[in-house]
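> Sequence and predicted structure below; questions after.
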Amino acid sequence: MNHSQNDGLEDVVDDYSDVTDFEHDDPFGEPEPQSNYDDFDSLDSDFEDDFESSKSKTDTSALEARNGKDIQGIPWERLNFTRDKYREMRLRQYKNYQNLSCSREEIEKDCLQVEKGKTFYDFQFNTRLVKPTIVHFQLRNLLWATSKHDVYLVQNYAIMHWSSLLRRGKEVLNVAKQIVPTLKHPGLLSQSLSRVQISTMAGKGNLMVAGGFQGELFCKYINQPGVAFCTKLTTDENAITNAVDIYHNPSGVMRVVAANNDAKVRIFDGEKFACLNCFSFDWSVNNTSASPDGKLLAVLGDSVECLIADAQSGKVTGSLKGHLDYSFASAWHPDGRILATGNQDTTCRLWDIRNLSQSLAVLKGRMGAIRALKFTSNGRFLGMAEAADFVHVFDTESGYVNCQEIDLFGEIAGISFSPDTEALFVGVADRTYGSLLEFNRKRYNQYLDSIW
């Protein structure tokens with residue numbers, strides 16, 4: 001992946017009367033690689049202090065949306081064009097970032113014809129009191145739901161917790177300050193860190209794991225203060241921690257896996273955080289995820305091929321061929337038989353792990369790279385996020401042909417289903433309209449929703 005950093009996004013609307021900002025400087029285009037930013041002077045959160053004062057004007061409820069308010073609070077009525085007109089312009093002008101060029105015809109020839117317009121998750125709430133941020137424009141796993149009421153996300157140099165029940169946020173960790181690991185035992189290669197620019201994160205149960213732009217890794221128990229373990233995985237100049245995952249091995253023991261730009265995948269014990277294995281590959285590893293039984297790793301990176309490797313030995317057991325650019329996202333169906341891979345060629349490919357000779361199906365995005373993929377815990381739905389504007393929810397029971405398309409504006413920092421499948425959260429990174437959107441599983445008895 002490109003060793004570069006996103007320096008912030010253009011505002012959706014700097015001046016509501018200045019339409020030329022939209023015409024000449026596309027505010028939602030996938031950001032090009034830019035230089036590092038170094039403003040660490042105002043990182044302490046005063047988040048809770050201004051909660052009440054900003055609450056009424058920034059949030060959007062389901063009732064307000066039904067009454068015509070834009071779910072992101074964009075005041076289209078004050079602009080000189082409609083939402084539909086801007087969407088049309090956006091689709092026409094958006095430039096998808098590619099490492100390898102490929103034609104639209106080549107991409108679309110194998111894509112599944114899907115029926116859009118379904119609604120599996122209804123809009124519930126949007127808040128701008130937490131604003132997800134992106135460190136690297138190609139990495140979008142920066143949001144994780146541990147329950148339908150608890151979401152963790154990256155905001156500048158902090159990890160924030162949002163309670164959808166209390167509609168309140170809280171800073172749980174500030175990584176601009178010095179981080180001193182609390183776990184001590186002989187042989188543990190832990191070290192203090194500071195000014196960590198979080199590039200990726202994952203959560204499972206009570207454990208949260210995150211990686212940094214300079215190759216950092218830190219592990220935190222949600223119900224305990226501080227950080228249990230942190231270290232710098234490599235001194236390599238091109239060292240970004242691109243992806244992390246938490247899984248259980250076949251014996252039920254928790255493991256942490258990290259994929260880095262130095263072309264290595266490292267496996268850690270999930271209790272003592274000792275490094276157990278380090279596997280080397282021929283290209284920078286942009287993403288890795290473990291199969292539900294903990295036996296296999298999907299390994300994706302700066303190659304048109306994706307690999308399947310043995311999680312114990314690192315031996316490559318399969319090669320997935322079909323994508324036309326570099327891959328940055330993967331997700332396993334809970335039954336362990338289907339692997340989804342997301343690519344900069346604007347497609348997600350589905351693979352039957354029992355027959356890797358060709359992909360089972362190809363799912364097409366609307367305009368950009370597929371940068372985040374998540375299955376619900378029951379396997380019923382697959383969430384697919386593009387770099388910007390679109391999140392697609394596919395019904396797996398329909399053979400992936402029934403789809404809900406969530407249409408919004410802005411760079412997508414991450415998506416996450418709640419473990420009980422009842423909620424879907426979408427993080428939008430933008431200086432003005434950065435927000436966290438909540439969607440709830442559609443039910444056919446919505447009386448209670450009308451009181452909110």
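Arrived safely. Residues are numbered from 1 along each chain as shown.
> For stretch 60-69, what is the distance to the chain centroid?
On the basis of C-alpha atoms, centre = their mean, to the nearest Å, the separation between the geometric centre of stretch 60-69 and that of its chain is 26 Å.
> got the CA positions of it in PDB?
Once side chains and other backbone atoms are set aside, the C-alpha atoms of stretch 60-69 remain, and they are given as PDB (Å, rounded to 0.1, in the frame of the first residue of the first chain):
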ATOM      1  CA  THR A  60     -30.800  13.600  13.500                       C
ATOM      2  CA  SER A  61     -33.400  11.100  14.800                       C
ATOM      3  CA  ALA A  62     -35.500   8.600  12.800                       C
ATOM      4  CA  LEU A  63     -38.600  10.800  13.400                       C
ATOM      5  CA  GLU A  64     -36.800  13.900  12.000                       C
ATOM      6  CA  ALA A  65     -35.600  11.900   9.000                       C
ATOM      7  CA  ARG A  66     -39.200  10.700   8.300                       C
ATOM      8  CA  ASN A  67     -40.300  14.300   8.500                       C
ATOM      9  CA  GLY A  68     -37.800  15.300   5.700                       C
ATOM     10  CA  LYS A  69     -34.600  16.200   7.500                       C
END
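> Show me which parts of that stretch are buried, residue by residue.
By neighbour count with 16 or more other C-beta atoms under 10 Å, stretch 60-69 contains the buried residues 60-62, 64-65. Placement of C-beta: from N, CA and C, glycine included.
> Show me the two of those that sit farthest apart.
Thr60 and Ala62 (8.4 Å; C-beta to C-beta).
> Which neighbours do the two have in common?
Listed contacts common to Thr60 and Ala62 are Phe125; contacts here mean C-beta atoms under 8 Å, 6 or more residues apart in numbering.
> re the thing from before, of the buried residues of stretch 60-69, which is the nearest to Lys364?
For the buried residues of stretch 60-69, the residue nearest Lys364 by C-beta to C-beta is Ala65; the value is 27.5 Å.
> tell me which element that closest one is part of?
helix 62-66 (DSSP states H and E).
> my guess is Leu165 meets Val151, correct?
No. Taking C-beta atoms under 8 Å as the definition, Leu165 is not a contact partner of Val151, at 10.8 Å.
> Neighbour count: those two, which is higher?
Under the criterion of other C-beta atoms under 10 Å, the comparison of Leu165 against Val151 puts Val151 first, with 27 against 10.
> which element is Glu88 on?
When elements are assigned from DSSP H and E, Glu88 belongs to helix 83-93.
> which other helices and strands contact that helix?
With contacts taken as 3 or more C-beta pairs under 8 Å, 6 or more residues apart in numbering; DSSP states H and E, helix 83-93 sits against strand 402-417.
> angle of the strand it packs on against helix 83-93?
80 degrees (axes from the mean of the first three to the mean of the last three C-alpha atoms, to 10 degrees).
> buried ones in strand 402-417?
By neighbour count, with 16+ other C-beta under 10 Å as the criterion, the buried positions of strand 402-417 are 402-406, 408-417.
> go on, stretch 160-173?
With burial defined by 16+ other C-beta under 10 Å, the residues of stretch 160-173 counted as buried are 160-162, 164, 168-169, 171, 173.
> Stretch 98-117 too?
Of the residues in stretch 98-117, those buried (16+ other C-beta under 10 Å) are 102, 107, 111-112, 114.
> pLDDT on the helix or strand following the helix holding Glu88, on average?
Scanning the chain past helix 83-93 towards its C-terminal end, the next helix or strand to appear is helix 104-108 (assignment: DSSP H and E). For helix 104-108, the mean per-residue pLDDT is 82.
> Pairing partners for whichever helix or strand comes after helix 104-108, with directions?
Towards the C-terminus, the helix or strand next in line after helix 104-108, according to DSSP H and E, is strand 121-127. If you go by DSSP bridges, strand 121-127 pairs up with strand 60-61 (antiparallel), strand 435-441 (antiparallel).
> Please identify the most buried of the ones you listed.
Highest mean neighbour count among those (mean count of other C-beta atoms under 10 Å): strand 435-441, with a mean of 23.
> Which neighbouring elements make contact with the host helix or strand of Lys220?
Here Lys220 sits within strand 216-221, counting by DSSP H and E. Secondary structure elements in contact with strand 216-221, counted by 3+ C-beta pairs under 8 Å, 6+ apart, are strand 207-212, strand 229-232, strand 241-248, strand 254-260.
> so where is the stretch 1-150 of the chain shaky, pLDDT-wise?
Judged against pLDDT under 70, the low-scoring parts of the stretch 1-150 of the chain cover residues 3-56.
> ok, now with 90
Flagging of the stretch 1-150 of the chain using pLDDT under 90 yields the residue ranges 1-58, 80, 101-110.
> for the stretch 151-300 of the chain, same thing?
Judged by pLDDT under 90, the stretch 151-300 of the chain has its weakly predicted residues at 177, 179, 182-194, 234-239.
> which residues in the stretch 351-452 of the chain form helices?
Assignment of helices within the stretch 351-452 of the chain using DSSP state H, counting those that start in this stretch yields no ranges at all.
> partner strands of the host helix or strand of Ser199, parallel or antiparallel?
When elements are defined using DSSP H and E, Ser199 is found to belong to strand 198-204. Strand pairing for strand 198-204, using DSSP bridges, gives strand 207-212 (antiparallel).
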